[in-house]
Every structure is written in structure tokens, then in C-alpha cells.
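Enquirer: Mind looking at a prediction? Sequence and model below.
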Amino acid sequence: MRDRMLEVGIDAPTQEALINKMQSGVLPDSTGGAEPVDTFTINANGVNRTVEVFADGSRRWTDLENPSSALDSRGNASINARGIQSCGTSGLWRTNCKVYSSDLVSEVSFRIDWKPVSVTPAAVRNYWGKSCSNYVGGCSVDGGIRREAQSSSGPAVAYASFTANLSVYHVSGELALHVSGSSASVILA
């Protein structure tokens, strides 16, 4: 767990306080319904990591690879555009992309193919690999594709709903990928 804390920049005194908090049976703010007190984005090695900081110093994060803004002659995103994480490409599609969110004690993820375009509708397809992991208890996940193609109703959407059992607490939420035009965003609610 200390490695995860170091990965997102939590200093040693805050690490100790968070570990003591968890050992006393209280969960970090990042695992529950608390609102973040700060949010920032770090760009490193072609990845934008959005980090939410909570009052107790705990953090939750998502990574989004920087998509290329290059468009071909038809206005479609170039095949060099990258997806969420670990994406391949096949024509205009970003394939086998891992969409995930992590906090100090858990992670939820799924895999999806998605197509960012600006002339024809953006789309998602081939949803698989939904999973969750939890260092302090069990978890369950469900999900799928809510809207296959961008339309007047909104963006193309793939999602994973999760419930994590964190000691005596139960936390639930939804991780979603929204694809609209030539951009994609990861939303955790």
C-alpha cells in the first residue's frame, strides 16, 4: 500500500496517518462519498493522471493517455490517436483499451474498443474484462455498453458499476468512458 501512496505523491507523515486510520477501522476519505478538496493533473510520458486529494490526505486517480488531435482528410481522428491505457489501433479504432480508476485500497477496470471521430459518430464496441480488486475486502462489478454510438442523446458510453466491501463499510459507484467527437473522458461517480 505504501508503494501506491508513493506513486501518487503522498508524503511519509500522511502515509502514517492514513495507515493508522485504516488500522483503527476507519476508511480513507478517497474510498467513500467524501468530496475532494483539490484536483490536479500531472502529464508524464504521454499520460494525463488526474488526482483527487481528500481532506485526510488520501487520493484517487485515473490515467488518460494523451489523444492526438491530428485529423485525416475526412475529419476522422488519426490512427495515431491513443486511447485510455494500453491501447492498440485497428483502422480508426483504439483496441483493447483498459479504462480504470484506483484509490489507496481498490481498483475497478474494464476493457473496450473505442473510435473517436468528428464526422461520423464516435463509438464503443467489444466490452470485456470487467474487474475490481480490493486490498481490504471483497468486491463485485457489473457493466457493459450503455450507448454504442454518439447520438443526439449523448456520447457513446461504456461503464462498470462496482461495490466494494471495505471492512464493515460498503462503497459503490460507476466508472464510465464517454466518447464524443474526437475526445474521450473517464468519469467516476
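Expert: Received, thanks. All figures in this text were calculated on a predicted structure; none of them were measured in a lab.
Enquirer: Off-centre distance for the helix or strand of the chain with the lowest mean pLDDT?
Expert: In the chain, the helix or strand scored least confidently by mean pLDDT, DSSP states H and E is strand 59-65, which has a mean of 77. Centroid separation for strand 59-65 versus its chain: 6 Å, with CA atoms, centre = their mean, to the nearest Å.
Enquirer: what does stretch 25-40 give?
Expert: Going by CA atoms, centre = their mean, where stretch 25-40 is centred and where its chain is centred differ by 16 Å.
Enquirer: Quick check: end-to-end length of that stretch?
Expert: 29 Å (CA to CA, to the nearest Å).
Enquirer: List the buried residues in stretch 44-62.
Expert: 49-54, 56-62 (16 or more other CB atoms under 10 Å). Every residue, glycine included, has its C-beta placed from N, CA and C.
Enquirer: Between these, which sits nearest Tyr135?
Expert: Ser58 (13.2 Å; CB to CB).
Enquirer: quick one, what contacts that closest one?
Expert: Ser58 is in contact with Ile10, Leu18, Pro28, Asp29, Ser30, Thr31, Asp103, Leu104, counting by CB atoms under 8 Å, 6 or more residues apart in numbering.
Enquirer: Mind checking which of those residues land in strands?
Expert: By the criterion of DSSP state E, membership of the contacts of Ser58 in strands covers Asp103.
Enquirer: Among the contacts of Ser58, which are located in helices?
Expert: Leu18 (DSSP state H).
Enquirer: Let me see the ranges of the helices in the chain.
Expert: Going by DSSP H, the chain shows helices at 2-7, 12-23.
Enquirer: Compare the mean pLDDT across those helices and name the weakest.
Expert: Of all the helices of the chain, helix 2-7 carries the lowest average pLDDT, namely a mean of 82.
Enquirer: could you say what helices and strands that one packs with?
Expert: helix 12-23 (3 or more CB pairs under 8 Å, 6 or more residues apart in numbering; DSSP states H and E).
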